[in-house]
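> below is the sequence, then the predicted model.
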Amino acid sequence: MEKTCSLLVHFDKGTPALANEIKEALEGNDVPAKIDGMKNAIMLMLNGETLPQLFITIVRYVLPSEDHTVQKLLLLYLEIIDKTDGNGRVLPEMILICQNLRNNLIHPNEYIRGVTLRFLCRLNEVDIIEPLIPSILANLEHKHPYVRRNAISAISSIYKLPNGEQFLVDAPETIEKFLSTEQDQSTKRNAFLMLFNCAQDRAINYLLTNVDRVSDWGELMQMVVLELIRKVCRINRAEKGRYIKIIISLLNAPSAAVVYECAGTLVSLSSAPTAIKAAANTYCQLLLSQSDNNVKLILLDRLNELKSSHHELMVDLIMDVLRALSSPNLDIRRKTLDIVLELITPRNVTEVVLTLKKEVMKTQSGELEKNGEYRQMLIQAIHSCAIKFPEVASTVVHLLMDFLGDNNIASAMDVVIFVREIIETNPKLRVSIVTRLLDTFYQIRAARVCSCALWIIGEYSLSLSEVESAISTIKQCLGDLPFFSVSENEEDADSSKKPQQASSITVSSRRPAILADGTYATQSAASETAFSAPAVVQGSLTTGNLRSLLLTGDFFLGAVIACTLAKLCLRLEEVQPSKVEVNKASSNALLIMVSMIQLGQSSVLPHPIDNDSYDRILLCVRLLCNTGAAARKIWLKTCRESFVKMLSDKQLRETEENKAKAQVTHSQPDDLIDFYHLKSRKGMSQLELEDEIQDDLKRATGEFVKDADDANKLNRIIQLTGFSDPVYAEAYVTVHHYDIVLDVTIINRTKETLQNLCLELATMGDLKLVERPQNYTLAPESSKQIKANIKVSSTETGVIFGNIVYETSNVLERTVVVLNDIHIDIMDYISPAVCSDTAFRTMWAEFEWENKVAVNTTITNEKEFLDHIIKSTNMRCLTPSSALEGDCGFLAANLYAKSVFGEDALVNISVEKQADEKLNGYIRIRSKTQGIALSLGDKITLKQKGGS
């Protein structure tokens, strides 16, 4: 058995002091040298040295010293030395120490008395303590609170010793009397804490006698009172009514810590609306008054828990929660928005959106470096509100469209996706959105945002003026054609010259100019002729945005421009009576398309046009040259129908998720229900009555029923030894978030008594044993329950292995029974989670650990295989079911989960059906930590065959 240690000091092993040097320092008269000598001795002993020769030196030369620091170090030295022999008897030389301790306890200096009393708190040897008890009790009446406080702590520690009650028979009574006269808050707290631990009834009696004065007690004392109330009410729930009044009175305490604990205690004890409102209000006030970001995050967690269990009551506090957005920390803002979005109702949505709108305007100031990211969060929040409550969209959509040209591309993407959804769901806003989009289109700088905006323009420009304005805006942003021109010298030159040779490129650029009357006009910059090797012509803010992006080689955008122009020309045929105008627009569009193909095939850009974009532009050219009725229907109607279907699928998924969340557990048909109308209400306050009603309602709806199913418990029992072993052992494994509890049952199958039986465990992976094993004696054919706690520090498959060691009377050596290994499953730590496609792609690009598992399964259906992997890995499929429908012989899906430690697990499945009906492909796992990637890979490899 290892010794207990109550002291820990950092020790630099570089140059340890020698025992002889320490001895010389202690024997001299120099006090600083003595202090250094004592410190070195203590550090050496804490690191395994015994130094037995020093004891007599210390007794002779250190014990008589009057220096306070030396005396303090002497007590630390006495704390760590062995005070007993091998049989547990106190060493005879400790009598010298005992006399010194008694002298210290009656010393005229209060510091010496106080530190000695503190030392006695950590002393377990009854033989040394017993003669000192009268002196300890006498210190309760010392004039200095420091001495009285430590005297109480010493009495409390002695009382808790195995036979402590025999030495201090009337200690609780003495402390109760002491409490009534003591004035010092810290001493009172120690005294009350002792009663709380050693004589709970007396502590309760004292509390109830002084109910009116609780609010005047100090912070330390109030914290102990709350701890006592929690303990009492857990044991006896019927008593909680009278204690809740005390908690409510403490909600006005000046200490933030007390107020926070009060709110937590109220929530854990009562479900009465008054109590929950009081707790929630307290959390909101603390959220505003506390400056520490960690405190704010904890408070938001508490409010989030209240939101889950008392949603209706939290709705009224939505504006108070929103005030937390004033914090500059992004994590706090993100958490606040997450809570608020789930509390929105038709009643408060206008007020919330107005606040979010003000916050968006504040981000334009550009003072903080993370304004872009915060703006993105606000845009997503407004988007969510506008989808749930379309009536608020009109108030925000035009403000947000100012951010389409935002430098933060993610933020601009969120705006354009929001606009795309609103223009479909709010038909009344279509005309104004299209007009505004065409006005601000030239400001957009990102290719992805341009692509989405062009799709919106192509789909929703319906009237003649809109179509004409859309075509002219696109032409203006593309600038003059052609996109490049080759000088005459170059054309006349020998065509066999290598393309790497210098060529002359002329770039024409257009920029809006402001005329005298304040209107915009487009002016062409003078052609710039540059003699250089063909290179990318970088666009600048002065040229049209589409032209700039095309000249960087973005031909996917070129294909989108071609499709948009094709749609606009087809729609122009329907709304423009003049055929001449239609033909003119079509020929202009064809010229643009051909120019883009010409640019893509020239040597001006370092990379030629890709095949997909080339085919798409060519398709648009063919469409405008020869349009059939079927093609017209596909381009003008089917595209929109697909988008509408996508939106309705998304809405349906969200509705189903909300329904699943809203489901509550119901009680069994034969459970008892109390009818509170029939109860006596005599002497009950309004709060107690509310509390009773809520408890009854909870009982009726099954909220008091434990989630853990007893049948599932049996599945978690692991047999550790065989039936023929002399000792049979089995373990029930309970996995809490950060720790594992092994409940091991050991049965002695022999007719002999097993002595010094010890369950020795060891761990592999990120698991750590919390306590050392103890020795037990097991009678013949009897059993013993042993609990072992193991801490978990990361999501990784761990292994616990060990053995049972014991002795019997007729065999001299120890017998060892080796146990089966216990494998801790990663599935206990990860749970399905949701994230947006954008967030998934960002994480996929960032995470450095990847594990690639080849598909090897007996399952022949792709969808069935995906469902099997989802079930085996406890992950959520992010790919919508509509995208997985149909039978095309291949399937790609993204899965996502989060661990209890906040780590993300990303999985991508890509499978294809071969000619022989077998599935082939890969499962890729990515995460920030190696543990998840490897453990999930092992799990998938094990389970993918299709077995149980």
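That came through fine. Residues are numbered from 1 along each chain as shown.

> alpha carbons only for contacts and neighbour counts from here, please
OK.

> tell me where the stretch 351-500 of the chain has helices.
371-388, 393-401, 409-425, 430-440, 447-460, 464-478, 488-492 (DSSP state H, counting those that start in this stretch).

> brain fart, the stretch 151-300 of the chain
Along the stretch 151-300 of the chain, the stretches classed as helices by DSSP H, counting those that start in this stretch are 164-167, 171-181, 185-198, 200-209, 219-235, 240-250, 256-269, 273-289, 293-309.

> residue 652: what's it in contact with?
Residues near residue 652 by Cα atoms under 8 Å, 6 or more residues apart in numbering: none.

> surely it forms part of a helix?
Yes: assigned with DSSP: H, G, I helix; E, B strand; the rest coil, residue 652 falls within a helix.

> distance of it from residue 142?
Plainly put, residue 652 is 74 Å away from residue 142 if you go by Cα to Cα, to the nearest Å.

> among the helices of the stretch 351-500 of the chain, which is nearest residue 920?
With Cα to Cα, the closest approach to residue 920 among the helices of the stretch 351-500 of the chain belongs to helix 447-460: 33.3 Å.

> and the closest one with helix 409-425, angle?
Interaxial angle of helix 447-460 relative to helix 409-425 (axes from the mean of the first three to the mean of the last three Cα atoms, to 10 degrees): 10 degrees.

> now helix 447-460, how far from the chain's geometric center?
Distance of helix 447-460 from the chain centroid (Cα atoms, centre = their mean, to the nearest Å) equals 36 Å.

> cool, and stretch 808-820?
47 Å.

> mind listing residues that contact that stretch?
With contact meaning Cα under 8 Å, 6+ apart, stretch 808-820 is reached by 719-721, 725, 727, 752-755, 801-807.

> buried ones only from these, please, as a PyMOL command.
Selection of the buried residues among the contacts of stretch 808-820 in PyMOL, burial being defined by 16 or more other Cα atoms under 10 Å:
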select buried, resi 719+720+721+727+753+754+755+801+802+803+804+805+806+807
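
> residue 383: which of the contacts of stretch 808-820 is nearest?
Distance to residue 383, by Cα to Cα, is smallest for residue 801 among the contacts of stretch 808-820, at 52.4 Å.

> leaving out the residues flanking it, which one is nearest to the closest one?
Nearest residue to residue 801 in three dimensions, chain neighbours excluded: residue 821, at 4.7 Å (Cα to Cα, 6 or more residues apart in numbering).

> determine which two of the contacts of stretch 808-820 are furthest apart.
Maximum pairwise distance among these (Cα to Cα): 26.3 Å, between 752 and 801.

> measure residue 777 to residue 465 for me?
When distance is defined by Cα to Cα, residue 777 is 95 Å away from residue 465.

> in stretch 617-634, which residues are buried?
617-621, 623-624.

> tell me how far that stretch lies from the chain's centre.
Stretch 617-634 has its C-alpha centroid displaced from the chain centroid by 51 Å (Cα atoms, centre = their mean).

> quick check: end-to-end length of it?
16 Å.

> now swap in stretch 358-376 and tell me
14 Å.

> identify the residues contacting residue 105.
Contact analysis of residue 105 by Cα under 8 Å, 6+ apart lists 112-113, 116-117, 135-136, 139.

> from those, which ones fall inside helices?
112-113, 116-117, 135-136 (DSSP state H).

> and for stretch 933-940, what's in contact with it?
In contact with stretch 933-940 (Cα under 8 Å, 6+ apart) are residues 796-797, 826, 849-853, 869, 872-873, 905, 925-927.

> one more pass at 7 Å, please.
Here stretch 933-940 makes contact (Cα atoms under 7 Å, 6 or more residues apart in numbering) with 796-797, 826, 849-851, 853, 925-927.

> secondary structure class for residue 802?
Following three-state DSSP, we place residue 802 in the strand state.

> right, and the helices of the stretch 151-300 of the chain - which one's nearest residue 63?
When the helices of the stretch 151-300 of the chain are ranked by distance to residue 63, counting by Cα to Cα, first place goes to helix 164-167 at 27.6 Å.

> can you list the buried residues in that closest one?
164, 167.

> go on, stretch 635-655?
Buried residues in stretch 635-655, counted by 16+ other Cα under 10 Å: 635-636.

> need the helices of the stretch 151-300 of the chain in JSON lines with mean pLDDT and distance to residue 921, can you?
Shown next, in JSON lines, are these (pLDDT from 0 to 100; distance: least, Cα to Cα, whole Å):
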{"stretch": "helix 164-167", "mean pLDDT": "78", "distance to residue 921": "70"}
{"stretch": "helix 171-181", "mean pLDDT": "84", "distance to residue 921": "73"}
{"stretch": "helix 185-198", "mean pLDDT": "85", "distance to residue 921": "63"}
{"stretch": "helix 200-209", "mean pLDDT": "84", "distance to residue 921": "66"}
{"stretch": "helix 219-235", "mean pLDDT": "83", "distance to residue 921": "55"}
{"stretch": "helix 240-250", "mean pLDDT": "79", "distance to residue 921": "61"}
{"stretch": "helix 256-269", "mean pLDDT": "87", "distance to residue 921": "51"}
{"stretch": "helix 273-289", "mean pLDDT": "88", "distance to residue 921": "51"}
{"stretch": "helix 293-309", "mean pLDDT": "89", "distance to residue 921": "41"}
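
> closest to residue 445 out of these?
For the helices of the stretch 151-300 of the chain, the distance to residue 445 is smallest for helix 293-309, at 35.8 Å, taking Cα to Cα.

> what lies in contact with the helix or strand that the closest one is followed by?
Using DSSP states H and E, the helix or strand that follows helix 293-309 in sequence is helix 311-315. Contacts of helix 311-315 with the rest of the structure, by Cα under 7 Å, 6+ apart, involve 277, 307, 343.

> the same query, at a cut-off of 8 Å, please.
Residues from elsewhere that reach helix 311-315 (Cα under 8 Å, 6+ apart): 273, 276-277, 280, 306-307, 343-345.

> list just the nearest of those to residue 858.
Taking those together and measuring to residue 858 by Cα to Cα, the closest member is residue 307, at 45.4 Å.

> residues contacting that closest one?
By Cα under 8 Å, 6+ apart, the contact set of residue 307 is 314, 339, 343.

> let me have the residues you listed in a markdown table, extended by pLDDT, distance to residue 55 and neighbour count.
Output for the contacts of residue 307, formatted as a markdown table (pLDDT from 0 to 100; distance: Cα to Cα, whole Å; neighbours: other Cα atoms under 10 Å):
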| residue | pLDDT | distance to residue 55 | neighbour count |
| --- | --- | --- | --- |
| 314 | 86 | 66 | 22 |
| 339 | 90 | 63 | 21 |
| 343 | 87 | 69 | 19 |
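
> could you dump those into a markdown table with distance to residue 443 added?
Listed next are the contacts of residue 307 as a markdown table, based on distance: Cα to Cα, whole Å:
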| residue | distance to residue 443 |
| --- | --- |
| 314 | 42 |
| 339 | 34 |
| 343 | 36 |
